[in-house]
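Chemist: Give the three-dimensional model of this entry:
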Amino acid sequence: MSAVTTGAVALVSGGNRGIGRAFVEELSAAGAAKIYCGSRKVSDVPASLVAAGVVPVQLDITDEASVRAAAETLLDVTVLINNAGFHGQDRLVLAADPTIARQEMEVNYFGTLSMIRAFAPVLGANGGGAIVNVLSIAGAFPTPHMGGYSPAKSAALFLSTIARAELESQDTTVTALIVGSVDTRMADHVQGNKADPQNIAQAGLRAMSRGERIIDTDPMAIKARARYAVDPVRWERGMAKVLTMTQQSTGQ
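Modeler: Numbering: from 1, shown residues only. Have a look, this model is predicted:
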């Protein structure tokens with residue numbers, strides 16, 4: 001890991017909390033020369049990170065002007081961690097708010113695409129570098145109870161593979177992280193065991209240093225992918241039953 005991160009200049013979108021903050025902390029521990037912490041509001045970047053030398057950057061990945069300004073200013077970036085994401089916690093077809101799915105696609109897919117397009121020339125000018133896309137097990141296969149989040153993350157997974165192929169000639173690697181349930185604010189509503197964000201960040205940086213394409217970052221992601229691979233029909237029917245029971249219990 002240190003071979004890639006030591007001396008690196010990294011930008012982490014959504015780096016003010018959750019998995020993003022864990023990436024910021026792990027990059028610092030691994031010897032990164034500079035770390036930019038992207039956040040919609042720079043005031044949301046924890047004071048402890050700023051005190052440790054992290055540079056706050058105003059960044060809204062759904063705003064083309066914001067992304068462009070970041071790329072035109074942060075010309076020394078060699079590692080891009082696309083972590084910013086949004087889960088609207090709504091259904092897809094039977095959505096309570098039909099605009100949520102579009103918001104999920106705007107953040108998780110188009111926002112990530114915008115960041116890659118903007119920073120690819122920066123990374124290329126600095127020798128190639130690396131891109132890490134923080135995705136989800138919900139994007140590895142259809143996950144009905146995660147509504148529009150699942151197809152948005154799936155689109156970002158395809159994006160990761162296509163971006164890697166397009167950027168190979170400039171020696172930029174692209175690594176997609178398939179993340180399970182993690183102990184973050186986004187997963188507050190999820191019951192059961194949840195992975196530590198630090199473990200996700202550590203796994204992600206190791207995968208980046210090895211130049212891996214796609215990895216499952218935690219036991220939940222590994223087990224879920226295995227269950228789906230063994231019997232996808234049973235998995236999908238199980239998800240349908242869960243949704244039906246949820247609808248009945250909530251009266252929706």
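Chemist: ok, Ile100 - contacts?
Modeler: Gly88, Asp90, Gly147, Gly148 (CB atoms under 8 Å, 6 or more residues apart in numbering). Every C-beta, even on glycine, is put in place using the N, C-alpha and C of the backbone.
Chemist: Could you list the buried residues of the strand or helix carrying Ala69?
Modeler: Element membership of Ala69 [criterion: DSSP states H and E] is helix 64-73. Neighbour counts over helix 64-73 (16 or more other CB atoms under 10 Å) mark Ser66, Val67, Ala70, Ala71 as buried.
Chemist: again, but for stretch 21-37
Modeler: 21-28, 30, 32, 34-37.
Chemist: ok, so of the residues you listed, who is nearest Val242?
Modeler: Closest approach to Val242 among the buried residues of stretch 21-37 (CB to CB): Ala22, at 29.1 Å.
Chemist: just checking, next helix/strand downstream of the host helix or strand of that closest one?
Modeler: Here Ala22 sits within helix 18-29, counting by DSSP H and E. Remark: after helix 18-29, the chain's next helix or strand is strand 34-39, criterion DSSP H and E.
Chemist: Check which helices and strands that next one sits against.
Modeler: Judged by 3 or more CB pairs under 8 Å, 6 or more residues apart in numbering; DSSP states H and E, strand 34-39 is in contact with strand 9-13, helix 18-29, strand 55-58.
Chemist: can I have the second one written out in CSV, keeping just the CAs?
Modeler: Included here for helix 18-29 are C-alpha records, laid out as CSV according to Å, rounded to 0.1, in the frame of the first residue of the first chain:
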residue,chain,number,x,y,z
GLY,A,18,-18.1,7.8,7.1
ILE,A,19,-16.1,5.8,4.6
GLY,A,20,-14.7,9.0,3.1
ARG,A,21,-13.3,10.2,6.4
ALA,A,22,-11.8,6.8,6.9
PHE,A,23,-10.0,7.1,3.6
VAL,A,24,-8.7,10.5,4.6
GLU,A,25,-7.3,9.1,7.8
GLU,A,26,-5.9,6.0,6.3
LEU,A,27,-4.2,7.9,3.5
SER,A,28,-2.6,10.2,6.1
ALA,A,29,-1.4,7.2,8.1
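Chemist: what comes into contact with it?
Modeler: 5, 8, 10, 12-15, 35, 37, 46, 49, 52-54, 79, 81, 83-84, 132, 134, 179, 182, 184-186, 196-198, 200-202, 204-205.
Chemist: what's the average pLDDT for it?
Modeler: The average pLDDT within helix 18-29 is 97.
Chemist: got the angle between that helix and strand 9-13?
Modeler: 170 degrees (axes from the mean of the first three to the mean of the last three CA atoms, to 10 degrees).
Chemist: which residues of the protein fall in strands?
Modeler: 9-13, 34-39, 55-58, 79-82, 130-134, 173-178, 214-216 (DSSP state E).
Chemist: got the angle for the helix holding Ala69 vs strand 34-39?
Modeler: Using the same axes, to 10 degrees, helix 64-73 lies at 170 degrees relative to strand 34-39.
Chemist: List the contacts of helix 64-73.
Modeler: 11, 38, 57-61, 114-115, 118-119, 121-122.
Chemist: mind redoing it with 7 Å?
Modeler: Val57, Gln58, Leu59, Asp60, Ile61, Ser114, Met115, Ala118, Phe119, Val122 (CB atoms under 7 Å, 6 or more residues apart in numbering).
Chemist: Please consider this matter closed, and thank you.
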